[in-house]
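Student: what follows is a predicted protein model with its sequence.
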Amino acid sequence: MLNRTEGIVIRTMDYGEGHKIISLFTRSMGKISVMVRGAKKVKSRYSAIAQLFTHGDFVIYKGSQMGTLNHGEPIHSYQEIREDLHKAAYAAYLVELVERMMPEAEPDLVMFEQLLAGLSAIAEGKDAMIVIHIMEMKILALSGYLPQLEQCVSCGRTSGDMVLSPSNGGILCSACKAKDHHAMPVSAKILRLLRLFQRVDLRMLGTAEVKDETKAVLKAAMRGFMDTYLDVRWKSRSFLDQMEKYKL
């Protein structure tokens, strides 16, 4: 049975001497694995469509086993991402979030649009770290672990100084912060940004600049929630850390 769908290549793996298996996140079929025969050959008509980050139109033969690519046309290759180490590193984490956390064969149009918008934002030079934090929030929400950032998770208080407590699932007020001795102090500005991450649509993301010191706090906050609730070793995130450590 032939299926035509719009999709984004979120993972690639060499198979045999000349083939590739790609993981596609598609608009109408969800996340699926597809065999691309001959994709590694220099003159293959499928070499471009089988590259990581490629957004394309795919015709897939789907039987009872893994799908096989019958035809494919790139819509956007995102060459500007692949040619830039920093953009490629952040984009790799973006697609890994989707590849590792989205269930197989369950369409999610909203997440598809957000991934596409995230790749476009990175390609356009918007702040890639902010893009991935927004997507992390969406992944946490999808997994049922969206942090409670509007009121104290213990007593419900909505005003006053707050601390961030990943282990408690959100914020604690000054009266309740003793419940978590590892809670992270956060300013009102940081809290506003984290709340914004929960609401913003990546298709509407602007070009606002965020100071490096603010980014460091946001990174620590998001790492706290991601590592507390999602037991995943992110390969691409490790590379981002190395890139930052050695100032590549």
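Tutor: Cool, the structure landed. Residues are numbered from 1 along each chain as shown.

Student: the domain parsing of this structure - what is it?
Tutor: Under the assignment automatic domain parsing, the domains of the chain span 1-77, 80-145+188-223+231-248, 148-187.

Student: centroid residue for the protein?
Tutor: In the chain, the centroid-proximal residue (C-alpha atoms, centre = their mean) is residue 94; its distance is 3.1 Å.

Student: that one falls within a helix, correct?
Tutor: Yes. Residue 94: assigned to a helix according to DSSP: H, G, I helix; E, B strand; the rest coil.

Student: what's the closest non-adjacent residue to residue 136?
Tutor: The shortest distance from residue 136 to any non-neighbouring residue, by C-beta to C-beta, 6 or more residues apart in numbering, is to residue 222 (5.3 Å). C-betas here are computed from N, CA, C, even on glycine.

Student: so how far is residue 61 from residue 196?
Tutor: Using C-beta to C-beta, to the nearest Å, residue 196 is found at 43 Å from residue 61.

Student: correction: the previous question concerned residue 120.
Tutor: The gap separating residue 120 from residue 61 is 29 Å, by C-beta to C-beta.

Student: neighbour count: these two, which is higher?
Tutor: Using other C-beta atoms under 10 Å as the criterion, residue 120 and residue 61 rank with residue 120 on top: 18 against 14.

Student: CA atoms of the helix or strand encompassing residue 25 as CSV?
Tutor: Per DSSP states H and E: residue 25 is located in strand 19-26. The C-alpha trace of strand 19-26 is given here as CSV (Å, rounded to 0.1, in the frame of the first residue of the first chain):
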residue,chain,number,x,y,z
HIS,A,19,21.1,1.7,2.0
LYS,A,20,19.8,3.8,4.9
ILE,A,21,17.1,3.4,7.4
ILE,A,22,15.6,6.8,8.3
SER,A,23,13.2,7.7,11.0
LEU,A,24,10.5,10.1,9.8
PHE,A,25,8.2,12.3,11.8
THR,A,26,5.3,12.8,9.5
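
Student: and the helix or strand that comes right after that strand, what's its mean pLDDT?
Tutor: Next helix or strand after strand 19-26 toward the C-terminus (DSSP H and E): strand 30-36. Taken as a whole, strand 30-36 has a mean pLDDT of 97.

Student: the longest strand in the protein is where?
Tutor: Counting by DSSP state E, the longest strand found in the chain is strand 2-15.

Student: helices along the protein, start to end?
Tutor: Assigned by DSSP state H, the helices in the chain fall at 79-82, 85-101, 109-123, 128-142, 188-199, 212-229, 235-245.

Student: switch the ones you listed over to JSON lines; also include mean pLDDT and distance to residue 44.
Tutor: Output for these, formatted as JSON lines (pLDDT from 0 to 100; distance: least, C-beta to C-beta, whole Å):
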{"stretch": "helix 79-82", "mean pLDDT": "97", "distance to residue 44": "17"}
{"stretch": "helix 85-101", "mean pLDDT": "98", "distance to residue 44": "22"}
{"stretch": "helix 109-123", "mean pLDDT": "98", "distance to residue 44": "23"}
{"stretch": "helix 128-142", "mean pLDDT": "98", "distance to residue 44": "31"}
{"stretch": "helix 188-199", "mean pLDDT": "97", "distance to residue 44": "40"}
{"stretch": "helix 212-229", "mean pLDDT": "97", "distance to residue 44": "37"}
{"stretch": "helix 235-245", "mean pLDDT": "93", "distance to residue 44": "26"}
